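A.B. asks: turn this into a structure:
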Amino acid sequence: MERIRPRLGGGEILFRIVLVIVCAVIFLTIAYPLYFIIIASVSDSTLVSTGKVLLFPKGTSFFGYGEIFKDERIWTGYRNTLFYTSVGTLVNLLFTLPAAYVLSRKEFKARKYIMFAFVFTMFFNGGLIPTYLLMKDLHLTNTPWVFIVPFSVNVFYLIIARTFFESTLPSELYEAAAIDGCSHFVYFVKVALPLSKALISVIGLYYLVGHWNDFFTALIYIRDNELKPLQIILRDILLSNQVFASGAGTGGDSGGYAQKYADQIKYGVIIVSTLPILVLYPFLQKYFEKGVMIGSIKG
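C.D. replies: Coordinates of the predicted model:
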């Protein structure tokens, strides 16, 4: 049987056209800067600075990427960052999800006081120097665990997860499971978590991006070069590149060489630091609306 499509009025057609145009403009506004960085990282820096590179790379050269990956520290940085990101995200989820579930249970009488203690830390903290002294007394400075242990729970994500459990999992579901002899632990593992894939994906990605981009922690607490994450290594390469680029003011062949390739390294550093996250994001994008929006509704 042929499906009859409703006729669209002139106002509806005009609205859809305007909507498509607005969405296209928003997409280009977001996507073009990233695309420009990609083509600029393989283009002649002189042509980039004079505005001759707009849609396609010109004077193509992979010198910048060659200089970045020729530095052995980059692989150390990748190794450390992968460890901090994977282990840190796992620890974050192991602490955040059970805590959120417990705080979502109305029968838990102390949940308001514990939640207040969590929220209090969002507005008040000891400051940088007392925190550093605490990390030093705990023997966490200059160790991999300073990236993981002090940041086990993000209170904002804890609130989202708690609200998700409150608004998404009906109380009747636990009552039915309890009749069958299901404890809270078994219910959390076998019922709550499988129904919370969207939440786990969204919160996990937020934690993952936070660990991947963590720069300040290493800057304050890490001195050993073998423990530095990728962001610090890229910062060091960028600073070296600035010294390299300053040779352009001295004139001669070295100056022209520096001027031609310095910006390639700068743009290449941006791509190297963001590409892994950009590749991962599309696979988790479908969970974002469901995971965050439902977790934001207060029942």
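A.B. asks: please, where are all the helices along the stretch 151-299 of the chain?
C.D. replies: Taking DSSP state H, counting those that start in this stretch, the helices of the stretch 151-299 of the chain run over residues 155-168, 171-179, 184-187, 197-212, 216-221, 230-245, 252-284, 288-296.
A.B. asks: next, the angle helix 155-168 makes with the fourth one.
C.D. replies: Pointing back at helix 197-212 there. Relative orientation of helix 197-212 versus helix 155-168 (axes from the mean of the first three to the mean of the last three Cα atoms, to 10 degrees): 180 degrees.
A.B. asks: just to revisit the earlier point, same list, the helices of the stretch 151-299 of the chain, but as a markdown table with mean neighbour count please.
C.D. replies: Where C-beta positions appear, they are placed from N, C-alpha and C, glycine not excepted. Compiled in a markdown table, the helices of the stretch 151-299 of the chain are given as follows (neighbours: other Cβ atoms under 10 Å):
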| stretch | mean neighbour count |
| --- | --- |
| helix 155-168 | 21 |
| helix 171-179 | 12 |
| helix 184-187 | 15 |
| helix 197-212 | 20 |
| helix 216-221 | 16 |
| helix 230-245 | 18 |
| helix 252-284 | 16 |
| helix 288-296 | 17 |
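A.B. asks: of all the ones you listed, which lies closest to Thr60?
C.D. replies: Set against Thr60 and scored by Cβ to Cβ, the helices of the stretch 151-299 of the chain come closest in helix 252-284, at 10.4 Å.
A.B. asks: in this structure Leu93 contacts Tyr207, no?
C.D. replies: Yes - using Cβ atoms under 8 Å, Leu93 makes contact with Tyr207 at a distance of 7.1 Å.
A.B. asks: still on that earlier bit, export the helices of the stretch 151-299 of the chain as JSON lines, with columns for mean pLDDT.
C.D. replies: Formatted as JSON lines, these follow (pLDDT from 0 to 100):
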{"stretch": "helix 155-168", "mean pLDDT": "87"}
{"stretch": "helix 171-179", "mean pLDDT": "80"}
{"stretch": "helix 184-187", "mean pLDDT": "83"}
{"stretch": "helix 197-212", "mean pLDDT": "86"}
{"stretch": "helix 216-221", "mean pLDDT": "88"}
{"stretch": "helix 230-245", "mean pLDDT": "73"}
{"stretch": "helix 252-284", "mean pLDDT": "68"}
{"stretch": "helix 288-296", "mean pLDDT": "53"}
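A.B. asks: can you put these in TSV and add distance to Ile74?
C.D. replies: Output for the helices of the stretch 151-299 of the chain, formatted as TSV (distance: least, Cβ to Cβ, whole Å):
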stretch	distance to Ile74
helix 155-168	30
helix 171-179	49
helix 184-187	43
helix 197-212	15
helix 216-221	15
helix 230-245	6
helix 252-284	7
helix 288-296	31
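A.B. asks: of all those helices, which lies closest to Ala117?
C.D. replies: Nearest of these (Cβ to Cβ): helix 155-168, 9.8 Å.
A.B. asks: coming back round to it: of the helices of the stretch 151-299 of the chain, which approaches Thr89 most closely?
C.D. replies: helix 197-212 (4.6 Å).
A.B. asks: mind listing what Leu219 touches?
C.D. replies: Going by Cβ atoms under 8 Å, 6 or more residues apart in numbering, Leu219 touches Ile232.
A.B. asks: I'd like the distance between it and Phe147.
C.D. replies: To Phe147, Leu219 is 12 Å away according to Cβ to Cβ, to the nearest Å.
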